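1. coordinates only, sequence not included:
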Ligand code: GMT
């Protein structure tokens, strides 16, 4: 198949999922065309079957706001037409699904039929999408997509709860690509940042309000009073200043490390004993799955799709949003009991295998084939009318 993938090329989960999916499809022999405004962070070096089309946004003085959606639409039209794509797969509804719909209509007027699949990732439905200024467009795009997928049952339900749609939504969970190459970075890293006998807690996110990174620090504050430990924070975003301030107020500077944005988060995770994800909402919690995939148990909130990934008292613990005391107690329960910690590490690794790319990729391929066939059948039916 020739597939166009549209995504946010940044460190966000939807960009990671879209990029890793494209890489896996290309490795299986499909031709993959990424259409986005800069090179996706997880794309890495040149690979067979992967093509990258940059959307350059005009900077005409008349525009107070640059017309990204229009440029993206034109680029999609071009790439579909000249690269003879079979399908567009857009990650994150805003504005990718509406741009895809527009591209589809333009191509239709030129006699080219292109189906598009929209994957809902979370905040496009649970936060941004519910904003009344976006809602009509999102509802329309969900209904106009040739197929819609959501990354968890919880996100599927939220979509039905908040948007006027009854259309089928396929739940295709996020995935991890297991890395079997062992490197010596984690042990070197561990000895650089933590003393012998110290535990490492870790959190990775885009430091937006919804991630409640201050809760991470509060949990760590309680843990380090009882267990010698370090906290590694990877990522960056709007809440970083507030988090840094809290770290200073609690006099934790010596024990909290801010790494900033990191591309190969797996190496950071491999150094950790526990991963903390106390988010306000989380449609899936890809960062938690990535932690589990390297055998790190997760202390998290029980919001959204997290319980579909992190199993309470098996791969980690779940608490109500904001219940810092419970999360700290859960972390201490694990860190104080070496046997329990070891068995949770094994459980986390085992659980992550349910979300192995090898399991999830064929589900996407099957949906692609179904959608492409649907478009061909509709075209034939029109010819016969
Ligand atoms: O978490 C973010 O703010 C980034 C956002 C994104 O779209 O990049 O993440 C969402 O999509 C991820 C991939 O599907 C999910 O794992 C995250 O749970 C989801 N974030 C939220 O729902 C807050």
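-> Sure, I can see it. Computed from a predicted structure; not experimentally measured.
2. mean confidence for stretch 20-30?
-> In this model, stretch 20-30 carries a mean pLDDT of 95.
3. what's it in contact with?
-> Outside of stretch 20-30, the residues within contact range by CB atoms under 8 Å, 6 or more residues apart in numbering are 1-3, 5, 32, 34, 42-44, 47-50, 89, 175, 177, 357, 361, 364-365. Just so you know, the C-beta spots here come from the backbone N, C-alpha and C atoms, and that holds for glycine as well.
4. 6 Å instead?
-> 1, 3, 5, 32, 34, 47, 49, 50, 177, 357, 361 (CB atoms under 6 Å, 6 or more residues apart in numbering).
5. residue 379: neighbour count?
-> 12 (other CB atoms under 10 Å).
6. mind listing what it touches?
-> Counted by CB under 6 Å, 6+ apart, residue 379 has contacts residue 113.
7. one more time with 10 Å
-> By CB atoms under 10 Å, 6 or more residues apart in numbering, the residues touching residue 379 are 111, 113.
8. helix or strand for it, which one?
-> helix 357-384 (DSSP states H and E).
9. any idea how far that helix is from the middle of the chain?
-> Centroid separation for helix 357-384 versus its chain: 24 Å, with CA atoms, centre = their mean, to the nearest Å.
10. with stretch 322-332 instead?
-> With CA atoms, centre = their mean, you get 25 Å for stretch 322-332.
11. pull out the buried residues from that stretch.
-> Residues of stretch 322-332 classed as buried by neighbour count (16 or more other CB atoms under 10 Å): 323, 324, 326, 327, 328, 329, 330, 331, 332.
12. also stretch 345-356?
-> Buried, per 16+ other CB under 10 Å, within stretch 345-356: 345, 347, 348, 349, 351, 352, 355.
13. excluding sequence neighbours, find me the nearest residue to residue 214.
-> residue 246 (5.4 Å; CB to CB, 6 or more residues apart in numbering).
14. circling back: give me the mean pLDDT for the helix holding residue 379.
-> In the prediction, helix 357-384 has an average pLDDT of 88.
15. check which residues of that helix are buried.
-> Applying 16+ other CB under 10 Å to helix 357-384 flags 357, 360, 361, 364, 365, 367, 368, 371, 372, 375 as buried.
16. equivalent analysis for stretch 92-105, please.
-> Neighbour-count burial for stretch 92-105 [16+ other CB under 10 Å]: 92-104.
17. can you narrow the residues you listed to ones near the ligand?
-> Among these, the residues lying close to the ligand (CB under 6 Å from any ligand atom) are residue 92.
18. which parts of this structure sit against the ligand?
-> Residues of the chain lying near the ligand (CB under 6 Å from any ligand atom): 12-15, 17, 92, 121-123, 126, 151, 174, 206, 208, 210, 281-286.
19. and with 8 Å instead?
-> Contact residues (CB under 8 Å from any ligand atom) of the chain with the ligand: 8, 10, 12-17, 91-92, 119, 121-124, 126-127, 151, 155, 174, 205-206, 208, 210-211, 279-287, 289, 304-306.
20. so which of those residues sit within strands?
-> 91, 119 (DSSP state E).
21. what about burial for the residues of the chain next to the ligand, which qualify?
-> Looks like the residues of the chain next to the ligand have 8, 10, 12-17, 91-92, 119, 121-124, 126, 151, 155, 174, 205-206, 208, 210-211, 279-287, 289, 304-306 buried, using 16+ other CB under 10 Å.
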